[in-house]
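*Asks:* Model the following, please.
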Amino acid sequence: MEKSDLFIETSDTKTVAETVAGVQAGVQAGLDREISPLILTPGGFRSLKTADPALYGRILAGKVLIEECSEVPV
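*Replies:* Numbering: from 1, shown residues only. Alright, predicted model coming up:
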């Protein structure tokens, strides 16, 4: 079975990881590939630029499924 990565950027990684784990088995059964979630904070994602440039580049080149932006007042 092929694998597909799913990158999720969130400030609440614990809650998102629990939510993904809770629905993954049911969703996975209907797919022809294994979904491998990668859940990072915004800082964790930025650190990939130097820690793992290849992964960082693949994430930037990937498809955006849902994009939500919350701006922090300055």
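*Asks:* Tell me which residues touch residue 35, please.
*Replies:* Shown in contact with residue 35 (C-beta atoms under 8 Å, 6 or more residues apart in numbering): 3-6, 24, 27-28. In this view, the C-beta of every residue, glycine as well, is placed from N, C-alpha and C.
*Asks:* Likewise for residue 16?
*Replies:* Counted by C-beta under 8 Å, 6+ apart, residue 16 has contacts 8, 10, 39.
*Asks:* I'd assumed residue 8 was in a helix, is it?
*Replies:* No - under DSSP: H, G, I helix; E, B strand; the rest coil, residue 8 sits outside any helix and is assigned strand.
*Asks:* now the contacts of residue 16 as CSV including pLDDT and neighbour count?
*Replies:* Rendered in CSV, the data for those read as follows (pLDDT from 0 to 100; neighbours: other C-beta atoms under 10 Å):
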residue, pLDDT, neighbour count
8, 94, 16
10, 94, 17
39, 96, 18
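*Asks:* would you list these in JSON lines and tack on distance to residue 46?
*Replies:* What follows is the contacts of residue 16, written out as JSON lines (distance: C-beta to C-beta, whole Å):
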{"residue": "8", "distance to residue 46": "15"}
{"residue": "10", "distance to residue 46": "14"}
{"residue": "39", "distance to residue 46": "15"}
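*Asks:* of all the residues you listed, which comes closest to residue 62?
*Replies:* residue 8 (11.9 Å; C-beta to C-beta).
*Asks:* Can you say which helix or strand has the closest residue to that closest one other than its chain neighbours in it?
*Replies:* The spatially closest residue to residue 8, leaving aside those adjacent along the chain, is residue 39, at 4.7 Å (C-beta to C-beta, 6 or more residues apart in numbering). Secondary structure from DSSP states H and E places residue 39 in strand 33-40.
*Asks:* what do you get for residue 4?
*Replies:* Judged by DSSP H and E, residue 4 forms part of strand 2-9.
*Asks:* Would you mark the buried spots in that strand?
*Replies:* Neighbour counts using 16 or more other C-beta atoms under 10 Å place 7-9 of strand 2-9 among the buried residues.
*Asks:* packing partners for that strand?
*Replies:* If you count contacts as 3 or more C-beta pairs under 8 Å, 6 or more residues apart in numbering; DSSP states H and E, strand 2-9 packs onto strand 33-40, helix 42-51.
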